[in-house]
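Colleague: kindly generate the corresponding structure for this input.
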Amino acid sequence: MKKYLLAIIISSTILISGCNENRQIRPPIEDLSLVSSIGFDIADNQQFRMTVGIPQPPGNSTELTQVYSVNTEMIQEGLAKLSSEADKMLVLNQLRTLLFSEEFARSGKITEVVELLYRDSTLGNKVRIGIVDGQAEDVLSANYPENQHMDAYLNDLLQPKFHNSFAPFTSIHDYINTQTSPVYHTMIPYIEKKGSSLEVTKIALFDNKRMVDTISTAQSLLIQALSGLNKLSPFAITFKDNAIDHQAFFERIDNKVKIKSNKDIHNPKVDIEFTIKAVLIEYKGTRDLEKKGELKKLNEEINKHLQKEIEDTLENLRDMELDPAGITEKFRMHYKGRWTEELTKQVIASSEYNVKVNFLIRNAGTTK
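Modeller: Numbering: from 1, shown residues only. Purely as a prediction, here's the structure:
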């Protein structure tokens, strides 16, 4: 019994000593700097350029966000170097935004960075990713007079909102999901500096780990509709080759899509049917929508316009052999055997699409 008690006392002493030791080496909160954003650029074949943004409490500094940069081969090595420069330990607990230059994205190195951060238990899955035109360091170091708190500005830019017309808002969780899926390709918002502000101008598409091309935000919204998103962001339609109808703007958009494949990966055919209901907020054209039958004719024009836009988007994806909407899942679920990235490319490259759009204007707002 005495031996048993002695063993308990010794074990407790060791545990208490270990806890005390951890407390001693853990720096106080005032000695920490919370990194909110990180940018990555290509430096050379071995190193990359890492830039961090650290928000400052009001009154503590003339700069609301302090920015530091370093060339490094590893993220933690870079954080150690920058901690020395900032005279505080840099920690990633409050990380919100990851920015990569287009050059870095095309190099295929993004996955290595995201996987490392994804495994960090101190980070949440809400960290958003963006591709930037030019250098990420320049974006993080620039002044934005109307949005002085750069980190809050970036975080707000890449957060989902009702009025945003682009999609998706890619988090590190979304990135890992699409990178590890054999039927989905990755999409990431592409950011450009416009004067003294930032704007998501298009969407970057990835073939496996490398960025290969971009599409418009309008096309990305159609891809989200294809993937089954039920509530779509407000969008505008600009009619082409139409002397009567010019533009229309819609809100409160409900979307239902049915996708059916013929299950034949050697001669793939896909039937796609959309049912979309929306409120017409504004219309520019010569129709008098108060007259009987004119709203129905406008509906028909919208059906034709959207069908053409969706077909063009699918043709563009077919040329690139990319499937960000996951259409090949309709073939994979009927395939006996292991589905691969090569099979996805094979199906997408040879698919024939039959698209039907049923668009219904629920009611009209301001028109002219």
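Colleague: helices of the stretch 151-300 of the chain, start to end?
Modeller: Applying DSSP state H, counting those that start in this stretch to the stretch 151-300 of the chain gives helices spanning 172-179, 217-226, 294-320.
Colleague: just checking, what packs against the first one?
Modeller: Packing partners of helix 172-179 (3 or more C-beta pairs under 8 Å, 6 or more residues apart in numbering; DSSP states H and E): helix 110-118. Heads up, the C-betas are built off the backbone N, CA and C, glycines and all.
Colleague: now the angle from the helix it packs on to helix 172-179?
Modeller: Orientation of helix 110-118 against helix 172-179 (axes from the mean of the first three to the mean of the last three C-alpha atoms, to 10 degrees) gives an angle of 130 degrees.
Colleague: roughly how far is helix 110-118 from the heart of the chain?
Modeller: 15 Å (C-alpha atoms, centre = their mean, to the nearest Å).
Colleague: with stretch 259-278 instead?
Modeller: 25 Å.
Colleague: got it, and stretch 277-295?
Modeller: Counting by C-alpha atoms, centre = their mean, stretch 277-295 comes out at 34 Å from the chain centroid.
Colleague: for that stretch, buried residues please.
Modeller: Of the residues in stretch 277-295, 278-281, 283, 285, 287, 295 count as buried by neighbour count, 16 or more other C-beta atoms under 10 Å.
Colleague: looking at the residues you listed, spot the one nearest residue 355.
Modeller: Set against residue 355, the nearest of the buried residues of stretch 277-295 by C-beta to C-beta is residue 278 (18.0 Å).
Colleague: one step back: which of the buried residues of stretch 277-295 lies closest to residue 211?
Modeller: Taking the buried residues of stretch 277-295 together and measuring to residue 211 by C-beta to C-beta, the closest member is residue 278, at 32.4 Å.
Colleague: and that closest one, what's its pLDDT?
Modeller: At residue 278, the pLDDT value in this model is 92.
Colleague: just checking, it touches residue 254?
Modeller: Yes: using C-beta atoms under 8 Å, residue 278 is in contact with residue 254, at 7.4 Å.
Colleague: tell me, what's touching these two both at once?
Modeller: Common neighbours of residue 278 and residue 254, using C-beta atoms under 8 Å, 6 or more residues apart in numbering, do not exist here.
Colleague: rewinding a little: quick one: closest of the helices of the stretch 151-300 of the chain to residue 340.
Modeller: helix 172-179 (14.5 Å).
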